[in-house]
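A.B. asks: sequence and predicted structure are below.
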Amino acid sequence: MPSKLLENKRTVEKSLSKEPDRPIEALGASDYTADKIQKLEGVEAVRKRPAMYIGDTGERGLHHLVYEVVDNSIDEALAGFCKRIEATIHVDNSITVVDDGRGIPVDMHKTEKKPAVEVVLTVLHAGGKFDKKSYTVSGGLHGVGVTCVNALSEWLEVEVKRDSKVHHMRFKRGKTASKLEVIGKAKGTGTKITFKADNEIFPVIEYKYDILANRLRELAFLNRGIEILLKDERNNKEDLLKNSSSTSTARRNLSIRRSFMFQKRKTVSPRKSPSNTTRVTTNPSTLTPTISTPSKAARTSVVSAPR
């Protein structure tokens, strides 16, 4: 055997004779201890794994932020306290959603020792939709949605009209940047949320008007009596979306329902063939079932309808 091949053979044999645990230790398995287990709190968990909460960080997830804020306003409408929602896309692709509902509570939370509006926007699974008392029917992510919006936004501002006052708070990447303060007097009640998606989370921050319009149109269609105004300041475009009870609109809505119901369905014509069916009858005196089959001449082949 040539000397070079012999040397290579000895090298291989030497490497195989090493302890089997060595490669595992080299991978750092011995360093996997209790102190490596991390516990993420609140908004940190959302920012670390945003796709777990909003699906992804692409176009769908970006628009989902708007849906979550609007869904809270829709819940106010379902509870009977909101009649109008306004959603605005600003020039810098920040979003404002305003409603005329009751307004998020601003009084101090007993256990969290902070204003309720701050709890709603910074604490996961905190909301008024769990006991079925404040909201009989509700959508959204139940105490997670608007908190996720706050966590995944570069900044978020909230204004609440309650008790004849306008209350204001500001957040930055899910954390409180300015405490709750009264900035003016108010007529009526409602909530206004303005936010800008964080470019550290979303690679592209540009809302598409048609995507938002389609979703808001569906919400207006499904919730009669509420008006949803969508405005786009980037191109001076706006649409008032509502489900009117007028005759013309009702007919149009009925046609829309029918188009959805029968979309992508094939109609199978009914076929009358009484002679090729098997009948089961019962003798009234003996309660014995009698099966009658068609004659051989009357039998026809069975054709399965397309699925």
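C.D. replies: Received it, and whenever you're ready, just let me know what you need.

A.B. asks: and the strands in the stretch 101-250 of the chain?
C.D. replies: Ranges of strands within the stretch 101-250 of the chain are 153-162, 165-172, 175-185, 190-197, 227-232, 237-242, based on DSSP state E, counting those that start in this stretch.

A.B. asks: which residues are in contact with the second one?
C.D. replies: Strand 165-172 is contacted by residues 106, 115, 117-118, 121-122, 150, 153-161, 176-186 when judged by CB atoms under 8 Å, 6 or more residues apart in numbering. For glycine as for every other residue, the C-beta is placed from the backbone atoms N, C-alpha and C.

A.B. asks: before we move on, what about the first one?
C.D. replies: By CB under 8 Å, 6+ apart, the list of residues contacting strand 153-162 from outside reads 65, 102-106, 117, 121, 149-150, 166-174, 177, 183, 186-200.

A.B. asks: just the buried members of the residues you listed?
C.D. replies: Buried residues within these, counting neighbours by 16 or more other CB atoms under 10 Å: 65, 102-106, 117, 121, 149-150, 166-169, 171, 173-174, 186, 189-198.

A.B. asks: shouldn't Arg173 be in contact with Gly42?
C.D. replies: No: Arg173 lies out of contact with Gly42 (CB atoms under 8 Å); the separation is 11.7 Å.

A.B. asks: what do the two both touch?
C.D. replies: Any residue near both Arg173 and Gly42 by CB under 8 Å, 6+ apart counts here, and that gives Ala151.

A.B. asks: so for stretch 83-90, mean pLDDT?
C.D. replies: Regarding stretch 83-90, the rounded mean pLDDT is 97.

A.B. asks: could you list the buried residues of that stretch?
C.D. replies: Using 16+ other CB under 10 Å as the test for burial, stretch 83-90 gives 84-89.

A.B. asks: check stretch 212-231 too.
C.D. replies: For stretch 212-231, the neighbour count (16+ other CB under 10 Å) marks 212-213, 215-217, 219-220, 223, 226-231 as buried.

A.B. asks: min pLDDT across these, which one?
C.D. replies: Asn223 (90).

A.B. asks: how about the nearest residue to that one, chain neighbours excluded?
C.D. replies: Ala77 (5.7 Å; CB to CB, 6 or more residues apart in numbering).

A.B. asks: list the contacts for that neighbour?
C.D. replies: Contacts of Ala77 by CB under 8 Å, 6+ apart are 83, 85, 99, 101, 223, 225-226.

A.B. asks: surely it is in a helix?
C.D. replies: Yes: Ala77 sits within a helix when classified using DSSP: H, G, I helix; E, B strand; the rest coil.

A.B. asks: what about it, distance to Lys242?
C.D. replies: Distance, Ala77 to Lys242, by CB to CB, to the nearest Å: 11 Å.

A.B. asks: need the overlap of contacts for those two.
C.D. replies: Residues touching both Ala77 and Lys242 by CB under 8 Å, 6+ apart: Ile226.

A.B. asks: coming back round to it: least confident of the strands of the stretch 101-250 of the chain, on average?
C.D. replies: Among those, strand 237-242 carries the lowest mean pLDDT (a mean of 92).

A.B. asks: packing partners for that strand?
C.D. replies: helix 209-222, strand 227-232 (3 or more CB pairs under 8 Å, 6 or more residues apart in numbering; DSSP states H and E).

A.B. asks: what's Val149 in contact with, if anything?
C.D. replies: 65, 68-69, 156, 193, 195.

A.B. asks: repeat that with 7 Å
C.D. replies: Listed by CB atoms under 7 Å, 6 or more residues apart in numbering, the contact partners of Val149 are 65, 68-69, 156, 195.

A.B. asks: farthest-apart pair in these, please.
C.D. replies: Maximum pairwise distance in the contacts of Val149, criterion CB to CB, is 11.9 Å, between Glu68 and Leu156.

A.B. asks: quick one: which of the two has more around it?
C.D. replies: Using other CB atoms under 10 Å as the criterion, Glu68 and Leu156 rank with Leu156 on top: 27 against 21.

A.B. asks: which residue is the nearest non-sequential neighbour of the more buried one?
C.D. replies: Closest residue in space to Leu156, ignoring its immediate chain neighbours: Phe195 at 4.0 Å, by CB to CB, 6+ apart.

A.B. asks: shouldn't the one you found be in contact with Ile95?
C.D. replies: Yes: with contacts counted by CB atoms under 7 Å, Phe195 reaches Ile95, the gap being 5.9 Å.
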